[in-house]
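Asker: Predicted coordinates and the sequence they were generated for:
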Amino acid sequence: MMSIAPIPIQPYLVVSVLLFAIGVLAVLTRRNAIAVLMGVELMLNAANINFVAFWRYGGGEQMEGQVFAVIVITVAAAEAAVALAIVLNVYRRFKTVNVDQINLMKG
Amino acid sequence: MIASVWEAIWQSFLAGSFWYPLAFVCFALGTLIPAALVALSRNILHSALWLLPCLASVAGLYLLLGAELLAAIQILVYCGGIVVLILFAVMLTHGVGDPDMRVHNQQLVWGLVAAIGLAGILLHLLGQEAWQMGPWAPSGDVTARLADALLRPYVLAFEVASVILLAAMIGAIVIARGEPEG
């Protein structure tokens, strides 16, 4: 068994940062509400990569990193189900899912 | 920062561990390129489909980190569940999608600035830290220890998560059903 990490932790953190930035880009710029949700999923995955990477590079003894990741995946699944149900209902009422056209409460 | 990371991967490649850096680069590119296509693709259906290789590559990264159960959960829940759910929603709401419709709002330039600025700041901060990490210990039976952690010290979070799932399922059914007729 090797005791030196095959690669340092920085590559994982860089992948996580770039994935998070792409998720922010999708959330900020897409018009379709479902595409905004996809951006949120990308950001959650970026956070999960960080959790698992720090679990592994922290020695792998404390399981908190993986427990956090499991809980995040669970909450992401619940969030996707509820949000997509809301999107379907919004589509039924407004005949659009573009978030910049759903401005009923805009002053 | 990216250059130094590339240097580290290349050094590890030269140092003899052949497959690990290679697999890491494959999974990293397999995560980031489809993710960029998710954010920028003109067709919302293509965006939803590009989510699939992106999330599967994240599962590959979990495998490289030695979290086998998490990789399996990622494939099952994300690739099997959430992507299918998103595809359903896209198909059910796609009637408005004429191909000439703008897919980005007026904030495209500012969104790009914000995303690139955020990435730049975070990469800069990453580069300043030395990240002295613990040893890369042999992982042993990770799945058994994860189960032990979930059912002993974190059993409350585990139970709360199951209650959240139940509430979300009922809520999604009630919301998606809409107003009862008659």
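Answerer: Arrived safely, thanks for sending.
Asker: From now on I want contacts and neighbour counts done on CA atoms only, so please keep to that.
Answerer: OK.
Asker: So what touches stretch B:74-86?
Answerer: Counting by CA atoms under 8 Å, 6 or more residues apart in numbering or on different chains, stretch B:74-86 makes contact with A:34, A:73, A:77, A:80-81, A:84, B:48-49, B:51-52, B:55-56, B:58-59, all of which sit outside it.
Asker: Dump these to JSON lines, plus neighbour count and distance to B:G30.
Answerer: What follows is the contacts of stretch B:74-86, written out as JSON lines (neighbours: other CA atoms under 10 Å in any protein chain shown; distance: CA to CA, whole Å):
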{"residue": "A:I34", "neighbour count": "27", "distance to B:G30": "22"}
{"residue": "A:I73", "neighbour count": "20", "distance to B:G30": "20"}
{"residue": "A:A77", "neighbour count": "21", "distance to B:G30": "22"}
{"residue": "A:A80", "neighbour count": "23", "distance to B:G30": "23"}
{"residue": "A:A81", "neighbour count": "24", "distance to B:G30": "26"}
{"residue": "A:L84", "neighbour count": "23", "distance to B:G30": "26"}
{"residue": "B:A48", "neighbour count": "23", "distance to B:G30": "15"}
{"residue": "B:L49", "neighbour count": "17", "distance to B:G30": "14"}
{"residue": "B:L51", "neighbour count": "26", "distance to B:G30": "11"}
{"residue": "B:L52", "neighbour count": "21", "distance to B:G30": "10"}
{"residue": "B:L55", "neighbour count": "25", "distance to B:G30": "9"}
{"residue": "B:A56", "neighbour count": "21", "distance to B:G30": "8"}
{"residue": "B:V58", "neighbour count": "25", "distance to B:G30": "8"}
{"residue": "B:A59", "neighbour count": "27", "distance to B:G30": "11"}
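Asker: Which single one of the residues you listed is nearest to B:V90?
Answerer: Minimum separation from B:V90 among the contacts of stretch B:74-86 (CA to CA) is found for A:I34, which lies at 7.2 Å.
Asker: re the thing from before, mind checking which of the contacts of stretch B:74-86 are in helices?
Answerer: Those of the contacts of stretch B:74-86 mapping onto helices are A:34, A:73, A:77, A:80-81, A:84, B:48-49, B:51-52, B:55-56, B:58-59, per DSSP state H.
Asker: and which of the residues you listed is nearest to B:A167?
Answerer: Using CA to CA, A:A81 is the member of the ones in helices among the contacts of stretch B:74-86 that sits closest to B:A167, with 10.7 Å.
Asker: For the closest residue to that closest one other than its chain neighbours, give me its contacts.
Answerer: The shortest distance from A:A81 to any non-neighbouring residue, by CA to CA, 6 or more residues apart in numbering or on different chains, is to B:A172 (6.0 Å). By CA under 8 Å, 6+ apart, the contact set of B:A172 is A:81-86.
Asker: any idea which of the residues you listed is closest to B:A168?
Answerer: Looking across the contacts of B:A172 and measuring by CA to CA, the closest to B:A168 is A:V82, at 6.1 Å.
Asker: returning to that earlier point: of the contacts of stretch B:74-86, closest to B:S12?
Answerer: B:V58 (21.1 Å).
Asker: Leaving out chain neighbours, which residue sits closest to the closest one?
Answerer: When the adjacent residues along the chain are set aside, B:V58 lies closest to B:T31, with 6.2 Å between them (CA to CA, 6+ apart).
Asker: close to chain B, is the helix or strand harbouring A:N48?
Answerer: Element membership for A:N48, per DSSP states H and E: helix A:33-57. Yes. Judged by CA under 8 Å from any CA of the partner chain, helix A:33-57 and chain B are in contact via A:34-35, A:38-39, A:42, A:45, A:49, A:52-53, A:56-57.
Asker: tell me the centre residue of the chain?
Answerer: All of this refers to chain A. In chain A, the C-alpha nearest the mean C-alpha coordinate belongs to A:L44, at 2.2 Å (CA atoms, centre = their mean).
Asker: my bad, the chain I had in mind was chain B
Answerer: With distances taken as CA atoms, centre = their mean, B:L55 lies nearest the centre of chain B, 5.1 Å away.
Asker: which residues touch that one?
Answerer: B:L55 makes contacts with A:45, B:31, B:74-75, B:78-79, as judged by CA under 8 Å, 6+ apart.
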